[in-house]
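Student: Just need the structure, nothing else, for what follows:
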Amino acid sequence: MKKLILALSLLVLAACQQQATVQPQALREAGQTYIAILEPTASPTLPARFSERLAALERAHGLSIPAEDRLEALGAVILRNLTPTQAQRLAQDPRVYALTPDQEVKAYAQTIPWGVDRIGAPTTTAKGANVSVYVVDTGIKVGHEDLTNLMGGYAVVKCRGKCRTAYDDDNGHGTHVAGTVAAVNNSVGVLGVAPAAELWAVKVLSGSGSGSTSGIVQGINWVIGHNNGGKPKVINMSLGGSGTDDQDGQYCPSTRSTNAFHNVIQKAVCDYRITVVVAAGNEGDNAANHTPAAYDEVITVSATNSQDDWPSWSNYGPDVDLAAPGVSILSTWNSSTTSYNTISGTSMASPHVAGAAALVLSRYPSYTPAQVKQALLQNAESTATWQNTSGNPHPEPFLNVRGF
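Tutor: Numbers count the residues shown, from 1 in each chain. Take a look at the predicted model:
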């Protein structure tokens with residue numbers, strides 16, 4: 001059954017996931033951007049080829065969709081500058097399975113790291129070799145002395161200012177995340193969790209740390225289609241916005257989500273076997289109110305400090321799978337090719353787990369995302385006896401990579 005989510009305007013954080021017909025108040029503003037998932041091709045009355053289905057949709061609605069917005073691997077398109085009338089008509093078109101408004105997402109970094117040693121990363125036999133980690137973020141500092149394993153990248157939002165490439169980092173957040181995942185083992189700087197993994201920058205956030213779900217969808221589409229020589233893929237997304245899981249409690253269900261963003265995450269994880277790790281968020285709120293953290297297909301990570309405790313700002317709840325270091329984390333920075341910085345946030349916790357996923361896949365390259373998640377949970381450290389002064393429930397276990 002087709003479901004429609006039409007809410008507010010582009011770059012709005014509140015993702016109102018209604019599962020009813022169109023609400024008139026949601027259609028007052030023109031010029032909105034939407035993510036559309038085309039109806040799956042099981043129907044004998046619909047053309048099988050994506051290009052044919054898209055051409056028919058363009059003819060019917062007077063659309064002209066540029067190449068970069070045609071996301072064939074996902075069976076999706078980005079539709080920009082739609083009027084309320086166009087959105088209403090598209091929502092009622094049987095060729096459209098899901099139509100969801102674009103929304104703003106922001107990097108999760110809070111105040112001001114240490115965690116690689118605490119999780120046992122220096123003791124591992126596996127180091128992440130032959131695994132590709134895609135940092136979907138603000139970019140990665142090109143030429144950094146500790147990120148010589150940066151292989152390339154893709155920019156949805158292009159770097160501005162002093163940039164060597166379009167996917168260079170004009171904020172610092174993505175470079176910091178990349179260093180925690182896989183800063184190389186050399187004589188300078190810091191050591192990442194999986195120093196032998198290869199890094200790929202997928203720049204979807206601007207220099208101010210903001211972006212949109214449509215930008216993330218474009219980035220994921222590039223990751224899916226990217227030829228990395230057949231290596232296992234891991235995505236880290238230390239970002240998020242408001243929203244809920246429309247299929248809560250269901251992991252890769254046969255009937256996929258009609259929320260376009262969730263549908264895309266499901267395709268990446270369930271169909272393309274990409275392990276996706278995300279930050280729980282920094283609002284001191286239930287992660288069930290934030291996406292992609294709320295989705296069951298991802299690995300959601302809360303932040304802890306060096307005293308084995310949670311800060312009050314770390315999101316919590318049943319959707320959080322693992323805790324990892326996220327307070328005062330030292331890592332690479334974008335100010336220069338030799339710069340480092342110490343910052344905090346669930347953004348800093350998530351890459352510890354993304355690096356750990358790379359360690360698992362380095363040893364067991366045929367593992368599915370579900371098997372990677374299970375391996376991390378089975379090896380995790382119980383937090384049952386930990387002090388928890390955050391004021392919020394945190395039963396999730398703590399990341400442990402010893403033995404990998």
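Student: Would you map the helices across the protein?
Tutor: 50-61, 84-91, 115-118, 173-182, 213-225, 260-266, 346-363, 369-379 (DSSP state H).
Student: Mind putting the ones you listed into JSON lines with mean neighbour count?
Tutor: Quick note: C-beta positions are derived from backbone N, CA and C, even for glycine. Output for these, formatted as JSON lines (neighbours: other C-beta atoms under 10 Å):
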{"stretch": "helix 50-61", "mean neighbour count": "15"}
{"stretch": "helix 84-91", "mean neighbour count": "18"}
{"stretch": "helix 115-118", "mean neighbour count": "20"}
{"stretch": "helix 173-182", "mean neighbour count": "32"}
{"stretch": "helix 213-225", "mean neighbour count": "24"}
{"stretch": "helix 260-266", "mean neighbour count": "26"}
{"stretch": "helix 346-363", "mean neighbour count": "30"}
{"stretch": "helix 369-379", "mean neighbour count": "18"}
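Student: which residues touch K106?
Tutor: L13, L205, G209, S210, G211, L239, G240, G241 (C-beta atoms under 8 Å, 6 or more residues apart in numbering).
Student: what's the answer for I220, then?
Tutor: L74, V136, I235, V264, I265, A268.
Student: can you rerun that using 6 Å?
Tutor: V264, A268 (C-beta atoms under 6 Å, 6 or more residues apart in numbering).
Student: What distance do you get for it to V142?
Tutor: 22 Å (C-beta to C-beta, to the nearest Å).
Student: farthest pair in the contacts of K106?
Tutor: Farthest apart among these by C-beta to C-beta are L13 and L205. That separation is 14.0 Å.
Student: hang on, the earlier thing: of the contacts of K106, closest to N341?
Tutor: Of the contacts of K106, the one sitting nearest to N341 (C-beta to C-beta) turns out to be G209, at 14.1 Å.
Student: Just confirm the closest one contacts A107, I think it does.
Tutor: Yes - using C-beta atoms under 6 Å, G209 is in contact with A107, at 3.9 Å.
Student: more neighbours, those two?
Tutor: A107 (26 against 20; other C-beta atoms under 10 Å).
Student: Bridging across strands, which residues link to that one?
Tutor: Counting by DSSP bridges, A107 is bridged to L239.
Student: For T123, list the residues it contacts.
Tutor: Contacts of T123 by C-beta under 6 Å, 6+ apart are R402.
Student: Tell me where the stretch 101-250 of the chain has strands.
Tutor: 104-107, 132-137, 150-155, 198-203, 210-212, 233-237, 239-242 (DSSP state E, counting those that start in this stretch).
Student: Indicate which one of the helices of the chain is closest to Y251.
Tutor: Nearest of the helices of the chain (C-beta to C-beta): helix 369-379, 7.1 Å.
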